[in-house]
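Peer 1: Prediction below, plus the sequence it came from.
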Amino acid sequence: MTDPSEIAQDRERASVDFAEVIDELLAIIETAKSVPLSSSVLVSRDEVTDILLSAREAIPVELSRAKRLLIERNEIWAQAERDANALIDEARAQAAHLVQRTEVVRQANSHAERLIAEAQASAYSIRREAEDFIDKRLAAAEIVIDRAQRTLQVGREKLKLNHAHRVGIAPSKEADTNEPMAGAVGLYDQDNR
C-alpha cells in the first residue's frame, strides 16, 4: 500500500495537477492575440515556459501516482485472487468431505444390509434347527407314549384275565379289552369316568 508521507511529498512537489496544467495552456492559447493577416497567435514565452516546466514536474508525480495505483490495484487483485483460491480450495475440501461422508454412509448402509441379511439367514437357520429338534423330541415322546400305552393296555388285559380267573369267568376273545367285565365293576372304576 502507499505510504502517507510519500503522498504528502508528491502533493508538495506537484502543487499543480497535470490536467490543470494542460487546461491552463489551452486557456493561454485561446485568449492569445492573433497576428494580423495570419492564423498564428502571440503567446508569452515566459508564461508558457513556466507552465510547461510545471507540467514537466507534474508528469513524474502523476506517473508515480499512476505506478502506485497500478501496484495497489495489482496487490488488491492478487489478494482477491488469493481469497478466491482459498474459497475454491475450501469448497473443494467441503465437497470432498461430503463425498467422503456420503461414501461412509453408503458403506455403512451396505454393511447394515449385509448384517440384516446374515441375521435373517441365521434366525431362519436357528428356527429351522429348533423346529427339527422339537419334531424329533415330539416323535421320540410319541414313540415312548405309544409304547407306554401298549404296555398299559397289555397290563390291563393281564389284570382282567387274572381277575376273570379268580372270579371264574372266562373272557371272550372278541370282547373289548377296554370295557370292564361284568363281575369286575368295582375293580375298574377309573374306566367308567
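Peer 2: Received it, and whenever you're ready, just let me know what you need.
Peer 1: where does Asp33 fall, phi/psi-wise?
Peer 2: Not quite, residue 33 is Lys, not Asp. The phi/psi pair for Lys33 (degrees, to the nearest 10) reads phi -80, psi 140.
Peer 1: Whichever helix or strand Ala19 is part of - contacts with which helices or strands?
Peer 2: Assessed by DSSP states H and E, Ala19 sits inside helix 18-31. Here helix 18-31 touches helix 45-167, going by 3 or more CB pairs under 8 Å, 6 or more residues apart in numbering; DSSP states H and E. Every C-beta, even on glycine, is put in place using the N, C-alpha and C of the backbone.
Peer 1: Show me what counts as buried in stretch 135-145.
Peer 2: For stretch 135-145, burial by neighbour count (16 or more other CB atoms under 10 Å) applies to no residue.
Peer 1: what's the answer for stretch 40-59, then?
Peer 2: Ile51, Ser54, Ala55, Glu57, Ala58.
Peer 1: Touching it from outside, list them.
Peer 2: Contacts to stretch 40-59, defined as CB atoms under 8 Å, 6 or more residues apart in numbering, come from residues 13-14, 16-18, 21-22, 24-25, 28-29, 32-35.
Peer 1: Buried ones only from the residues you listed, please, as a ChimeraX command.
Peer 2: Selection of buried members from those for ChimeraX, criterion 16+ other CB under 10 Å:
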select :14,18,21,24,25
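Peer 1: which residues does Cys147 contact?
Peer 2: No Cys there; residue 147 is Arg. Not one residue lies near Arg147 by CB under 8 Å, 6+ apart.
Peer 1: so how far is Ala141 from it?
Peer 2: Separation of Arg147 from Ala141 (CB to CB, to the nearest Å): 11 Å.
Peer 1: next one: Lys33
Peer 2: 143 Å.
Peer 1: Asp50 too?
Peer 2: 133 Å.
Peer 1: do Pro60 as well
Peer 2: Going from Pro60 to Ala141 by CB to CB gives 118 Å.
Peer 1: one step back: which is the next helix or strand following the helix holding Ala19?
Peer 2: From helix 18-31 onward toward the C-terminus, using DSSP H and E, the following helix or strand is strand 33-34.
Peer 1: Pairing partners for the very next helix or strand once past that following strand, with directions?
Peer 2: Note on strand 33-34: by DSSP H and E, the next helix or strand toward the C-terminus is strand 41-42. Looking at strand 41-42 with DSSP bridges, its partner strands are strand 33-34 (antiparallel).
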